[in-house]
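Undergrad: below is the sequence, then the predicted model.
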Amino acid sequence: MKFFSSQLMSLLFPARARPNIRALISYSLLLVATVALFAVGFHLIMYHVEGQEHSWVTGVYWALTVMTTLGFGDITFHSDVGRLFSIVVLLTGVVLLLIVLPFVFIRFFYAPWMESRMRFHAPRAVPPGTRDHVILCGLDSLATALRARLQLHNIPHFVIEPDPVKAAQRQIDGVPVVTGRVEDRATYEALQVEHARMVVANCSDTINTNITLTIRDLSPHVPIAAVAEHERSIDLLELTGSNHVLPLKLQLGEHLANRVNAGHLHCHVVGRLGDLLIAEFPVHNTPLVGRPLRDVQLRESFGLNVVAVWERGRMVPVTPDTLLVDGSFPVVMGTEEQITELDTYLVIYNTNFNPVLVVGGGKVGCATTQTLRSRGVTVHMIEREESLRNALEGVADKLFIGNAADRELLMGAGLADAPSVLLTTNDDAMNIYLAVYYRRLNPKLRVISRITHERNIEAIHRAGADFVLSYPSLGAEAVMSLLQRRESVILGEGFDLFYVPTPATLAGQSLASSHIRSRTGLNVLALRLPDGGVVPVTASTVLEPDCELVMLGSESQRQSFTEEFR
């Protein structure tokens, strides 16, 4: 009873509840007035038409009996006028009591009461003794992708949610959350920010600046990774105290540009493991097409290990019998000198100096174009909005304004002879549509696309995209590389590098006898030593207990590894 009364008081007194109170009072007055009016009508008809006289209590009793559809008992009308009046009272009661009353009760009393309860139960602080946790300043697409990685690595984390009702709901959904304003000092005190492993400021640039200043007032040492929407905000966020500024849209454009085929054939370096580089290269128009890896002999010729093969967005398990087809992209690992030797071998193939097409003139499209032009690649850009013409003039070598699905416009922009096209719009449906369309118009074209929602990854690969990368995946990998103190490696959507301590059940075994690939699908690339050095592995490499396994695969395969080797 005490709890109910406290909830009722919380409903009646706060300013946000005043509209609800006014609505409830207005409805109650309307109901009372309606019953009084019908009681008066009852007396008038009974006295002047029926010739009967009743008390006022009887009139109210009759009105309520009819309005609540309880039926007629000892008091009824016998005249047509009385019965018509009864019909009006009955229909009014059905509307006011059976339809409007439940809605009013739920909307203006029960729902606010439940909201008040949820606000009361929303967590406002982390558990005492929390240490080495990651603080996410909002639950956007980046935070969602990052949470999946943090859970795989058993890293504690908490999300800030300003709305207590949403915070309570997210806690029910299994999201570790703390309610509070992201700019308030008290929020970070409740989150024990001084003991945090990292704070990820993933709001707008202005709010991230405020977040950084607030945290630095509490803790001068906790690492802060701030996302920068605009390039001009990078310096400002660094000046306010951010240790790591992540201009993700700029980086997304750069990574997309790294996958472009233009000019002479060469390797695309996608990451680094200590002194080892990870790179991929196309086999299109080379003598490698149609040959199994056993015959290619990249290890014997260049000292490189083939760790994976991409085929239109699908990672093919590597065996000596893996056949390289026209759309294959082998992923190799080796030293910088070995990658350079492979580049020297590939440079005479696939010469195509025709312009590359970039579809979309947003931040990602502009970053992609600028990266390509800095490397001497000619770029033609297609943008739909005429209003952006002045802003985009000079960004690309040639700008085309119009519909990216207009065949005449595409042919004029050079699609028929282009080596690659980059789809940089933030509309997944449009990118999927264009991938199918461009693949039909030019089957040899390399299609590179950004994606916004992970649920569309398979669809765009089926549409014909050779390489796909999303903003959330790029951001999650950037933060994880900072947390794990390693170089960032961007392989492609759906596949990542995992650094996992050698399980006790595998310590002392050779890689061949561990059967990691056959049991989980993960490909072990290297061992990271306690001193931070990275060494490539062979089938005979012994898995040392104090080392970390560097493995390539998907999140589901990583989960399978955890279940197999607990």
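TA: The structure has been received and is ready for your questions.
Undergrad: what's the pLDDT at the residue nearest to residue 212 when sequence neighbours are not counted?
TA: Leaving aside its sequence neighbours, residue 212 sits nearest to residue 240 (CB to CB, 6 or more residues apart in numbering; 4.4 Å). Just so you know, the C-beta spots here come from the backbone N, C-alpha and C atoms, and that holds for glycine as well. Here, the pLDDT recorded for residue 240 equals 93.
Undergrad: tell me the contacts of residue 240?
TA: 209, 212-213, 216 (CB atoms under 8 Å, 6 or more residues apart in numbering).
Undergrad: what's the answer for residue 352, then?
TA: 261-263, 417, 419.
Undergrad: phi first, then psi, for it.
TA: With angles defined as degrees, to the nearest 10, residue 352 sits at phi -150, psi 100.
Undergrad: quick check: buried residues in stretch 76-95?
TA: 77, 82, 85-86, 89, 92-93 (16 or more other CB atoms under 10 Å).
Undergrad: next: stretch 546-565.
TA: Buried, per 16+ other CB under 10 Å, within stretch 546-565: 547-553, 555, 557-558, 560-561, 565.
Undergrad: can you show me the CA trace of it as PDB?
TA: What follows is stretch 546-565, C-alpha atoms only, in PDB (Å, rounded to 0.1, in the frame of the first residue of the first chain):
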ATOM      1  CA  ASP A 546      51.700 -17.900 -22.400                       C
ATOM      2  CA  CYS A 547      51.000 -16.800 -26.000                       C
ATOM      3  CA  GLU A 548      48.000 -15.600 -27.800                       C
ATOM      4  CA  LEU A 549      46.500 -17.200 -30.900                       C
ATOM      5  CA  VAL A 550      45.900 -14.800 -33.800                       C
ATOM      6  CA  MET A 551      42.900 -16.300 -35.700                       C
ATOM      7  CA  LEU A 552      40.900 -15.300 -38.700                       C
ATOM      8  CA  GLY A 553      37.200 -15.900 -39.000                       C
ATOM      9  CA  SER A 554      33.700 -14.800 -38.100                       C
ATOM     10  CA  GLU A 555      32.100 -14.100 -34.800                       C
ATOM     11  CA  SER A 556      30.100 -17.300 -34.900                       C
ATOM     12  CA  GLN A 557      33.300 -19.300 -35.500                       C
ATOM     13  CA  ARG A 558      34.900 -17.400 -32.600                       C
ATOM     14  CA  GLN A 559      32.000 -18.400 -30.400                       C
ATOM     15  CA  SER A 560      32.400 -22.000 -31.500                       C
ATOM     16  CA  PHE A 561      36.100 -21.900 -30.400                       C
ATOM     17  CA  THR A 562      35.000 -20.800 -27.000                       C
ATOM     18  CA  GLU A 563      32.500 -23.600 -26.700                       C
ATOM     19  CA  GLU A 564      35.000 -26.200 -28.100                       C
ATOM     20  CA  PHE A 565      38.000 -25.300 -25.900                       C
END
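Undergrad: save the buried residues of stretch 76-95 as a markdown table, and put in pLDDT, distance to residue 233 and secondary structure too.
TA: Shown next, in a markdown table, are the buried residues of stretch 76-95 (pLDDT from 0 to 100; distance: CB to CB, whole Å; DSSP: H, G, I helix; E, B strand; the rest coil):
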| residue | pLDDT | distance to residue 233 | secondary structure |
| --- | --- | --- | --- |
| 77 | 84 | 77 | coil |
| 82 | 85 | 77 | helix |
| 85 | 89 | 72 | helix |
| 86 | 85 | 72 | helix |
| 89 | 88 | 67 | helix |
| 92 | 89 | 61 | helix |
| 93 | 85 | 62 | helix |
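Undergrad: please flag which of the buried residues of stretch 546-565 sit within helices.
TA: Among those, the residues falling in helices (DSSP state H) are 555, 557-558, 560-561.
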